[in-house]
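>>> Sequence plus the predicted model coming up.
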Amino acid sequence: MEFPKDLKYTKEHEWVREEGSVVVVGITDYAQDSLGDVVYVELPQEGGSVTKDEPFGVVESVKAVSDLYSPVTGNVVEVNDAIIDSPEVINDDPYGDAWMIKVELSNAEELNDLLSAEEYQKYIEEEK
Amino acid sequence: MEKGRELLIFERSSPGRTGVRPPTADVPEVDLDKVLPKGAVRGDIEGFPEVSELDCVRHFTRLSNENFGVDTGFYPLGSCTMKYNPKVCEDASRLSGFSRLHPYEPEGLCQGALELMHELEGYLAEISGMDAVTLQPAAGAQGELGGMLMIAAYFRDKGEARRKVLIPDTAHGTNPASCRLAGFDVVEVRSSRDGILTPEAIERLMDDGCAALMLTNPNTLGLFEDNIEKIASIVHSKGGFVYCDGANLNALMGVARLGDMGVDLVQFNLHKTFSTPHGGGGPGSGPLGVKKALEPYLPVPRIRKNGDEYSLEFDRERSIGRLKAFYGNFSVMVRAYAYIRLMGAEGLKRVGEMAVLNANYLKERLKGHFHLPHDRTCMHECVFTDRLQRRYGVTTLDIAKRLMDYGFHPPTIYFPLVVDGALMIEPTETESLQTLDEFIEAMKRIAKEAEEDPHLLKNAPHTTGTARVDETRAAREPVLRWTGSPPTNPDHCT
C-alpha cells in the first residue's frame, strides 16, 4: 500500500496535495482498499464551500456508504466530475486520476493539523 | 439455454401464446380512448412476456427451488433474527375472519380484530415496560421515524429548539436515516474499546440542544449496553429522550424490560421477534411503544375499549397523524398475537435465554478458529472477523460464500461498520444443538481450507446454480427493467 511522502493525510483517510494557493483532496489507498469496489460518489458543486472536519461528499462501495470529510475549510474551485461517471478510478488510482475536489484555502494554518505520510501510516497500523 | 441459468420470463415469451383465453365479450366493446382522458390509457408494453400457464408455473417453481429460506436450512444472518416461525401462527393469520376482513369493515362488524389489536398493544407494552403502543408502523424503520416525529412534535409544543440526536457508531443504518427524515442532525457517538457506550461519552455530547439518544440494546456487536441506566439518566437530566431500536429484542424478551432501564420509546420488529417470515420483502410490522409523556403524540387512529366494545379514535389534537394507510399490517399482528399466546410468559422468557445461550455456544466453540474482537459474554449474536484468514488472502466474503457449499446461509458480513471484516452470527433460539454443531464443524473446516487451499474459498460457492455475481457491475450499471433483448454478456453472472 502506498502513501506518497509529498501528501498530507487525515484520520478520516483523506489526502491533501498543495498546489500553490489551492489544495487537492482525495481518499487514500488504505481507504479505497477498505471500502472495496466503489460504485458511486457524490461531490459538492463547484463554487460551493467546505468546512474542515465536516462531510463534503459521499462514497459508496459494495460494502458500505461513507461520508467524505473535508481536511480544510475553503471554497471549492474545481470538482473532478470524471469520477462520478467512472467511480472505479478511485480504486485504480486514488492519488492520481481520482482526485476529488480542489479547494481555495480560507486558513492555510489548518494544513498544520494534518498528518505526514509516516504519521498516517503509523495511525492506520494502530487502527488495525 | 446455457446450463444452470434459468431464462428470464421475457426470454421464454412467444408472441400470441397465452395462459388464459377469456371468452368473447358478450357486451359491446368500448373504445377506451373515447371514454377516458388522454394519458389515462396505457399503450402497449414492449416485450411483455407471453407464456402458457405451464411455462409460467415451471418458471416460478424453478426459481423458488433456487431460494434459500429458514424452512430450507440454518440462516444465521446477524441482527436479522431469522428464526423459525411456527406454522400454527401462519394458520391463525389465514383464518377467514381475519384474512377476508375488509379495511372499511364497520367497527361493529370487526370487533374481534379490534380486540386482538388492543390486546396485542397491551402485551407489547407489558413485554417492553412501555405505557402505550401503536401497531401502525409498517416496519422497524417506520417505527423509528414515527418515534422521532413524535419527539420533534413534543419539543415543538414545549417551544424548545432541539436539533440533534446522538447515535452510536454501532447503529443500524436506518437510525440516522430516520432521524434525518424527521428533521434532526445526527451526532455520532463512538463506542468504547469494549464495544459499548460509556456514560462519559454521553456526558460529553449531551446538552439542551439534543432531543434524544437513539441506541440499540443489545447493540449490533451482540453486546448488552451495561451502562444503559446511567446513560439514560444523563439524557433525562438534560431533558432528552432515550429511543431504543428494538431490532434485537429477541435477546431480552421476558428477561428484562427496556422501559425499566430508562428507555422512553422502542419499536418492535414483529417480523423478527414475533413470528412473521421476512427476508422476502415483507410485509413487516414495526409497532412503537412509548412512555406516558409521548402518548398524546401517537399516530391516529387509536383503538379504544369502552366496556366490552372496541372503537377507533381519530380525534386527538396532538397526534402526529397517520403513518400508514388503514391500521398497519394486520396479518402480521395476528401472527404476533398467536405467537405470544402460544409461547406464554414462560415461553417468551425461554426464547431470550436460548437465543443468548446458542450465540455464546457458537462464540466459545469458534473462538481461536476465527478472530473474536470483543471477547466477552455476548447476547443473541457474536461478531468474528477474517483477521486470522487474511494472511492466506482469504476474506470475510470468501468465508461467507464457502458456507453456502456446506448448505448454510452466510451470516451478515461487513457489518457493524466499526469492525473491520465483520462476520456477524445470530443463531436464534430455534436451532438444535445438532444444527449448531454442524455449523461449527463447517466453519472449522473452512478455517482449515483457508490455510491449505485458499483457492477453494476464493472461487466458492461451487454447489449453487449461480456462483459469484458481479455486485460491482450490478451497482455501477444497473439494468432495472427489461430492455427488449437478453443480457449482452450473461457470463458476468455465471
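In hand now; what should we look at? Numbers count the residues shown, from 1 in each chain, chains lettered A, B, ... in the order given.
>>> what about stretch A:108-117, start to end distance?
Terminal residues of stretch A:108-117 are spaced 19 Å apart (Cα to Cα, to the nearest Å).
>>> sorry, that was for stretch B:131-142
20 Å.
>>> What residues sit buried inside it?
By neighbour count on 16 or more other Cβ atoms under 10 Å in any protein chain shown, the buried set for stretch B:131-142 is B:132-142. Heads up, the C-betas are built off the backbone N, CA and C, glycines and all.
>>> Check stretch B:88-96 too.
If you call a residue buried by 16+ other Cβ under 10 Å, then stretch B:88-96 has these buried ones: B:89-90, B:92-93.
>>> and that stretch, how far from the chain's centre?
21 Å (Cα atoms, centre = their mean, to the nearest Å).
>>> Can you list the low-confidence ranges for the chain?
All of this refers to chain A. A:128 (pLDDT under 70).
>>> meant chain B actually
B:1-4, B:281, B:485-494.
>>> Would you mind listing what in it touches chain A?
B:173, B:414-415, B:417, B:420, B:471-472, B:475-476 (Cβ under 8 Å from any Cβ of the partner chain).
>>> B:Cys210 is in contact with B:Lys238, correct?
Yes - applying Cβ atoms under 8 Å, one finds B:Lys238 in contact with B:Cys210, separated by 6.6 Å.
>>> Give the residue from those two that has the larger number of neighbours.
For B:Lys238 versus B:Cys210, neighbours defined as other Cβ atoms under 10 Å in any protein chain shown are more numerous around B:Cys210 (22 against 15).
>>> I figured the more buried one was touching B:Phe241, is that so?
No - checked against Cβ under 8 Å, the pair B:Cys210 and B:Phe241 is beyond contact range at 9.5 Å.
>>> got a list of what B:Ala211 touches?
Neighbour list for B:Ala211: B:151-152, B:155, B:162-165, B:184, B:240-241 [criterion: Cβ atoms under 8 Å, 6 or more residues apart in numbering or on different chains].
>>> In TSV: those residues, plus secondary structure and neighbour count.
Listed next are the contacts of B:Ala211 as TSV, based on DSSP: H, G, I helix; E, B strand; the rest coil; neighbours: other Cβ atoms under 10 Å in any protein chain shown:
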residue	secondary structure	neighbour count
B:Ile151	helix	27
B:Ala152	helix	21
B:Phe155	helix	17
B:Arg162	coil	22
B:Arg163	coil	13
B:Lys164	strand	18
B:Val165	strand	26
B:Phe184	coil	22
B:Gly240	coil	26
B:Phe241	strand	28
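>>> any chance of those in a markdown table, plus distance to B:Thr24?
Formatted as a markdown table, the contacts of B:Ala211 follow (distance: Cβ to Cβ, whole Å):
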| residue | distance to B:Thr24 |
| --- | --- |
| B:Ile151 | 61 |
| B:Ala152 | 59 |
| B:Phe155 | 65 |
| B:Arg162 | 67 |
| B:Arg163 | 66 |
| B:Lys164 | 67 |
| B:Val165 | 63 |
| B:Phe184 | 61 |
| B:Gly240 | 69 |
| B:Phe241 | 65 |
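>>> Nearest residue to the residue in the stretch 101-250 of chain B that chain A sits nearest to in space, please, no chain neighbours.
Nearest to chain A in the stretch 101-250 of chain B, going by Cβ to the nearest Cβ, is B:Gly173, at a distance of 7.7 Å. Distances taken as Cβ to Cβ, 6 or more residues apart in numbering or on different chains place A:Val65 nearest to B:Gly173, at 7.7 Å, with adjacent residues excluded.
>>> Could you point out the longest helix of chain A?
helix A:117-127 (DSSP state H).
>>> other SSEs contacting it?
strand A:8-9 (3 or more Cβ pairs under 8 Å, 6 or more residues apart in numbering or on different chains; DSSP states H and E).
>>> From the chain's centroid, how far away is the strand it packs on?
A distance of 9 Å separates the C-alpha centroid of strand A:8-9 from that of its chain, computed with Cα atoms, centre = their mean.
>>> moving C-terminal of it, what's the next helix or strand?
Where DSSP states H and E defines the elements, the next helix or strand beyond strand A:8-9 is strand A:14-19.
>>> so who does the most centrally placed residue in chain A touch?
The C-alpha lying nearest the average C-alpha coordinate of chain A belongs to A:Gly26 (Cα atoms, centre = their mean; 2.6 Å). By Cβ under 8 Å, 6+ apart, the contact set of A:Gly26 is A:14-15, A:90, A:94-95, A:98-100.
>>> Just give me the closest of those residues to chain B.
Of the contacts of A:Gly26, the one sitting nearest to chain B (Cβ to the nearest Cβ) turns out to be A:Ile90, at 11.8 Å.
>>> isn't the closest one right next to A:Asp37, touching?
No - counting by Cβ under 8 Å, A:Ile90 does not reach A:Asp37; the two are 9.2 Å apart.
>>> tally of neighbours for B:Cys47?
If you look again at residue B:47, you'll see it is Gly, not Cys. 14.
>>> So which bits of chain A are right by chain B?
A:34, A:37, A:39-40, A:60, A:62-65, A:87-88, A:128.
>>> ranking those residues by neighbours, who comes first?
A:Val39 (23 neighbours).
>>> hang on, that one in a strand?
Yes - applying DSSP: H, G, I helix; E, B strand; the rest coil, one finds A:Val39 inside a strand.
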